[in-house]
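In: I would like the atomic coordinates for the input below:
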Amino acid sequence: EDAKNISRLNDNTYLLYFYKISTIASLVVGGSFALSPISPLAISNDPTPLAQFLRRDFGLFSIFLLAPVQTLLASAAETG
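Out: Next up, the predicted model:
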């Protein structure tokens with residue numbers, strides 16, 4: 001019964017908060033990958049230029065592509 005009630009919600013606040021928090025997380029994670037001299041997640045840091053390029057590329061992708069798309073989705077969820 002509760003699942004049926006949740007599916008009937010017309011309020012987009014949960015979706016709006018999800019996209020806002022996801023945007024902030026993308027900016028933080030992307031910034032840590034783009035600006036960190038060592039990999040934030042790797043157990044062993046591979047000093048090859050390709051590994052550094054891919055790490056920075058992922059960080060810049062998160063900041064300049066993923067976060068703006070999530071911001072647009074948040075504004076769409078806000079307007080309904």
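
In: which stretches of this protein have low pLDDT?
Out: 1-11, 43-45 (pLDDT under 70).

In: how far out from the middle of the chain is stretch 14-27?
Out: Averaging C-alpha positions (CA atoms, centre = their mean, to the nearest Å) puts stretch 14-27 7 Å from its chain's average.

In: which residues touch it?
Out: 62, 63, 66, 67, 70, 71, 73, 74, 77, 78 (CB atoms under 8 Å, 6 or more residues apart in numbering). (Glycine included, C-beta is placed from N, CA and C.)

In: which of these lies closest to residue 30?
Out: Nearest to residue 30 among the contacts of stretch 14-27: residue 62, at 2.8 Å, using CB to CB.

In: And the helices in this structure?
Out: Along the chain, the segments classed as helices by DSSP state H run 2-7, 13-35, 49-61, 67-79.

In: Redo those as TSV? Include distance to residue 41 and mean neighbour count.
Out: As requested, the helices of the chain are arranged in TSV below (distance: least, CB to CB, whole Å; neighbours: other CB atoms under 10 Å):
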stretch	distance to residue 41	mean neighbour count
helix 2-7	34	7
helix 13-35	8	16
helix 49-61	9	14
helix 67-79	19	15
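
In: So which of the ones you listed is nearest residue 42?
Out: Distance to residue 42, taken as CB to CB, is lowest for helix 49-61 among the helices of the chain, at 8.3 Å.

In: Show me which residues of stretch 37-50 are buried.
Out: Applying a neighbour-count criterion of 16 or more other CB atoms under 10 Å, one finds residue 39 buried in stretch 37-50.

In: start to end distance for that stretch?
Out: Terminal residues of stretch 37-50 lie 14 Å apart, using CA to CA, to the nearest Å.

In: Identify all contacting residues around that stretch.
Out: 29, 32, 33, 51, 55.
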